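In: any chance you could fold what I've pasted below:
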Amino acid sequence: MTDTQNRTLHFQELGLMDYEPAFEFQEKLMKEIIALKLENRGQPDEIQHITPNYLLFVEHPHVYTIGKSGDEHNMLANAKKLEEINATFVKTNRGGDITYHGFGQIVGYPILDLDNFKSDIFLYMRNLEEVIIRVIAEYGLKGERSEGETGVWLDVGKPYARKICAMGVKTSKWVTMHGLALNVNTDLRYFEYIIPCGIKDKAVTSLQRELEREFSPQEMDEVKEKIKKHFCEVFEAEIV
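Out: Got it, this is the predicted structure:
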């Protein structure tokens, strides 16, 4: 790590927040970091700005989001059905296809300058997966990667393979936004109105379903603490 690399994370719990304001907040932080990086261009190390990193946790009301390369045919509910189930549909700028966010799901948005870590988007995605693999291992679940399918899965290669954590990111100038969505108490019925991530032959699951018990608010907080702990371990970072 060089003198200009910063591996501290500013953590913020946003609580329950609609998707659009959370997106705007992410984008604001991202643009601020990019502006600092542009100011640093051509400057000697001793006067370079140290770029910050952020880790945001949020819970969204029912919303379906689709990435810039997603197929809208994977949205199976029409406007009337969305109104009936009290959900919204938002086009966004991350990679990946369609996914669902809702109550009982922990959404993590790391806003990182990867030049503070390693400028490698493939490694970044694998590290995000590693964080969740380690988290769910603490609950006795074996999380796995599925080749060509981002996220964390259970029973890969079997007919009942299922995804427990979806991921999608955007990077600009090596600064990240968007992130991961871990299903804890998530109402999985909402996934019936989409083809999750455009993958037709695999199911979606949650910690609640796998462990056959609902997580209390205190236990939800414990899951968040585990995510923070393993995020710091995997990324060799420190929360301030």
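In: now the longest strand seen in the chain, how far from the centre of its chain.
Out: Identified as the longest strand of the chain according to DSSP state E is strand 162-172. For strand 162-172, the separation from the chain centroid amounts to 5 Å (computed by C-alpha atoms, centre = their mean, to the nearest Å).
In: then that strand to PDB, C-alphas only?
Out: What follows is strand 162-172, C-alpha atoms only, in PDB (Å, rounded to 0.1, in the frame of the first residue of the first chain):
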ATOM      1  CA  ARG A 162     -30.400 -21.200  -5.200                       C
ATOM      2  CA  LYS A 163     -29.100 -17.600  -4.700                       C
ATOM      3  CA  ILE A 164     -29.000 -16.000  -1.300                       C
ATOM      4  CA  CYS A 165     -27.200 -12.800  -2.200                       C
ATOM      5  CA  ALA A 166     -27.400 -10.800  -5.400                       C
ATOM      6  CA  MET A 167     -24.700  -8.400  -6.500                       C
ATOM      7  CA  GLY A 168     -24.400  -5.600  -9.100                       C
ATOM      8  CA  VAL A 169     -22.000  -2.700  -9.400                       C
ATOM      9  CA  LYS A 170     -21.100   0.300 -11.400                       C
ATOM     10  CA  THR A 171     -17.600   1.700 -11.600                       C
ATOM     11  CA  SER A 172     -16.300   5.000 -12.900                       C
END
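In: that strand pairs with which strands, parallel or anti?
Out: If you go by DSSP bridges, strand 162-172 pairs up with strand 149-154 (antiparallel), strand 175-183 (antiparallel), strand 203-204 (parallel).
In: average pLDDT for that strand?
Out: In this model, strand 162-172 has an average pLDDT of 94.
In: buried ones in that strand?
Out: Buried positions in strand 162-172, judged by neighbour count with 16 or more other C-beta atoms under 10 Å: Arg162, Lys163, Ile164, Cys165, Ala166, Met167, Gly168, Val169, Lys170, Thr171. Every residue, glycine included, has its C-beta placed from N, CA and C.
In: how far off centre is whichever strand or helix holds Phe89?
Out: Using DSSP states H and E, Phe89 falls within strand 88-91. Relative to its parent chain, strand 88-91 has a centroid offset of 17 Å by C-alpha atoms, centre = their mean.
In: check stretch 27-44 too.
Out: The answer for stretch 27-44 is 23 Å, by C-alpha atoms, centre = their mean.
In: what sits up against that stretch?
Out: Stretch 27-44 is contacted by residues 4, 48-49, 51-52, 54, 111, 113, 115, 172-177 when judged by C-beta atoms under 8 Å, 6 or more residues apart in numbering.
In: how does it look with 10 Å?
Out: Stretch 27-44 is touched from outside by 4, 10, 12, 47-54, 56, 93, 109, 111-113, 115-116, 170-178, with contacts defined as C-beta atoms under 10 Å, 6 or more residues apart in numbering.
In: buried ones among those residues?
Out: Burial by neighbour count, 16+ other C-beta under 10 Å: within the contacts of stretch 27-44 this picks out 48, 51-54, 56, 109, 111-113, 115-116, 170-171, 174-178.
In: can you tell me which helix in the protein is longest?
Out: When the chain is parsed with DSSP state H, its longest helix is helix 19-40.
In: check the strands paired with strand 162-172 for me and report the most buried one.
Out: Neighbour counts (mean count of other C-beta atoms under 10 Å) averaged over each of the strands paired with strand 162-172 peak at strand 175-183, with a mean of 24.
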